[in-house]
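Participant: I'll drop the sequence and a predicted model, then ask my questions.
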Amino acid sequence: MTRWFEDITIDEVFPLGSHHFTEAEIVRFGQLYDPQYFHVDPEAAKQSHFGGLVASGWHTVSIGHRHMVDALFAEEERLRGLGREPGVSGPSPGVNRMDFKVPVRPGDTVTYTRVVTGKRPSNSIPGWGLLFNTLEATNQRGELVYHAELVGFSKLRDYKMPLRLRLLLALTRIPVLGKVLVKRTG
């Protein structure tokens, strides 16, 4: 999230955009990353439990992730355009849940949205907060095709490192003492 942790609103919906899945794209992704017959062979896929060619779930996820990253960059630019300093986003410590609900088929247009469902300061990384997010994707018929529960980091704007941590950090920069302290705390 390119907003500061303090500025993030719970339950705010972030539209991420849509993607039209073509047969050629589904087959190409399948050939490169998930070469199961129901992703790469339209004729053989007719005999699968899907009854036809379907996109790999990882294809659906990858497109959604790209839309999410593009939306973060767009939000950063929007904030700069308003004369505001964007926040700092961090990595994701993981995905808590990922469900593929309905197969994505050639010709489907999938629309992605993200919602921050909760947040709290990090217990282990000073100056950062955790964001709990839901990422969902629906097809043109309004069917949910993908649901994920993700966690991400966002930097706290107003964080001030406690004096004891600042002192410890300063002491680790003294060559001999630093090696001893890092060895003891690491």
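Facilitator: Right, received. Where do you want to start? Numbers count the residues shown, from 1 in each chain.
Participant: Find the residue at the geometric middle of this protein.
Facilitator: Residue closest to the average C-alpha location in the chain (C-alpha atoms, centre = their mean): H65, at 5.7 Å.
Participant: give me every residue that touches that residue.
Facilitator: Contacts for H65 (C-beta atoms under 8 Å, 6 or more residues apart in numbering) come out as none. Heads up, the C-betas are built off the backbone N, CA and C, glycines and all.
Participant: three-state assignment of it?
Facilitator: helix (DSSP: H, G, I helix; E, B strand; the rest coil).
Participant: Low-confidence ranges, this structure, go.
Facilitator: For the chain, the stretches with pLDDT under 70 are 1, 162, 165-166, 168-169, 177-186.
Participant: Isn't V88 up against K155?
Facilitator: Yes: V88 lies in contact with K155 (C-beta atoms under 8 Å); the separation is 3.9 Å.
Participant: Please identify every residue contacting each of the two.
Facilitator: With C-beta under 8 Å, 6+ apart, V88 and K155 have common neighbours W4.
Participant: gap between the residue nearest to the centre of the chain and S92?
Facilitator: 10 Å (C-beta to C-beta, to the nearest Å).
Participant: give me the element the residue sitting furthest away from the middle of the chain is part of.
Facilitator: Within the chain, the residue lying farthest from the chain centre (C-alpha atoms, centre = their mean) is V176, at 40.8 Å. Here V176 sits within helix 175-185, counting by DSSP states H and E.
Participant: what residues are up against the closest residue to F29 other than its chain neighbours?
Facilitator: In space, and not counting its chain neighbours, F29 is closest to H59: 4.4 Å by C-beta to C-beta, 6 or more residues apart in numbering. By C-beta under 8 Å, 6+ apart, the residues touching H59 are F21, E25, I26, F29, G30, Y33, D34, H39, V104.
Participant: For the third one, give me its contacts.
Facilitator: This points to I26. Residues near I26 by C-beta under 8 Å, 6+ apart: H39, L53, V54, A55, S56, H59, V104, P106.
Participant: Mind telling me what element it is part of?
Facilitator: In this structure, I26 sits in helix 23-33 according to DSSP H and E.
Participant: which residues does F132 bridge with?
Facilitator: Beta bridges link F132 to G118, V151 when assigned by DSSP bridges.
Participant: my guess is it meets R114, correct?
Facilitator: No: counting by C-beta under 8 Å, F132 stays clear of R114, with 11.2 Å between them.
Participant: Compare those two (neighbour count), which wins?
Facilitator: R114 (24 against 16; other C-beta atoms under 10 Å).
Participant: Having no further points to raise, I will conclude here.
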